[in-house]
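**Student:** Build me a model from this:
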Amino acid sequence: MTLKTEHRALFEYIHKRTPIKESDFSNYCDHFRIKTLKRNEFILRQGAHCDFLAFVNKGCLRLFQYNEEGKVLTRYFAFENKFGTSLSSFINQTVSDEYIQAIEPTELLMITRKDFYELVENVPEINVIYRDILEMAYTTTVKRIYNFQGVPALERLKWVMEYQPMILTRLPSKMVASFLGVTPYTLSRLKSEL
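**Tutor:** The predicted structure is shown next:
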């Protein structure tokens, strides 16, 4: 069975992390269904249950929420070859406290929670990927917390420039500012200080 073009990037992602034959991947890759999103389209809204995991083939997803004052708090951007989901809602099947939105025209491979956990139980390579997703989520969160707590805004901007430069090159300043925890005006001023 020949691998469909839309599944190629996911196969490469898995293959980099664990040995897998293309023919074996072909046996279950159809569980990952293609979905295209327009710019600014939502795939999850706060208060809904997140019952999917999305792999970004093209484009970008933003995971964010509003705080009590109505301020946007951006937690994560998932660019090409990254997974995105509201992880606590996905795992615990509770309502999500965040939104997931396409920032630009986006092509995803989506799998339902039920199908994903079935693969985790029965396909060793997917079990490895699940561990990888959990480990990456944890380490990304910890790095971000420690690099952003009590650190001056200019240092946060430098950290993003070094470790996640696509955030600065592909996203609107308003979203970058939300990710950094500053106002768009402050972000503009910080860029001029570099």
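
**Student:** what's in contact with the helix or strand of the chain at the bottom of the mean pLDDT ranking?
**Tutor:** Taking mean pLDDT, DSSP states H and E as the measure, helix 124-148 is the helix or strand of the chain with the lowest mean score, a mean of 86. Residues outside helix 124-148 that contact it (CB atoms under 8 Å, 6 or more residues apart in numbering) are 13-14, 17-20, 24-25, 28, 53, 76, 83, 87, 116, 119-121, 155-156, 159, 163, 180-181. For every residue, glycine as well, the C-beta is placed using N, CA and C.

**Student:** Only the buried residues of the helix or strand following that helix, if you could.
**Tutor:** With elements assigned by DSSP states H and E, the helix or strand that comes after helix 124-148 is helix 153-163. By 16 or more other CB atoms under 10 Å, the buried positions in helix 153-163 come out as 153, 154, 156, 157, 159, 160.

**Student:** still on that earlier bit, which members of the contacts of helix 124-148 occur in helices, if any?
**Tutor:** Assigned to helices by DSSP state H, the following of the contacts of helix 124-148 qualify: 13-14, 17, 24-25, 87, 116, 119-121, 155-156, 159, 163, 180.

**Student:** Derive a PyMOL selection command for the buried subset of those.
**Tutor:** For the buried members of those, the matching PyMOL selection, counting by 16+ other CB under 10 Å, is:
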select buried, resi 13+14+25+87+116+119+156+159+180
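
**Student:** What is the most widely separated pair among the ones in helices among the contacts of helix 124-148?
**Tutor:** The most widely separated members of the ones in helices among the contacts of helix 124-148, counting by CB to CB, are 24 and 155 (45.1 Å).

**Student:** quick one: residue 161 from residue 150, how far?
**Tutor:** In this structure, residue 161 lies at 19 Å from residue 150, with CB to CB, to the nearest Å as the measure.

**Student:** Residue 28 too?
**Tutor:** Separation of residue 28 from residue 150 (CB to CB): 45 Å.
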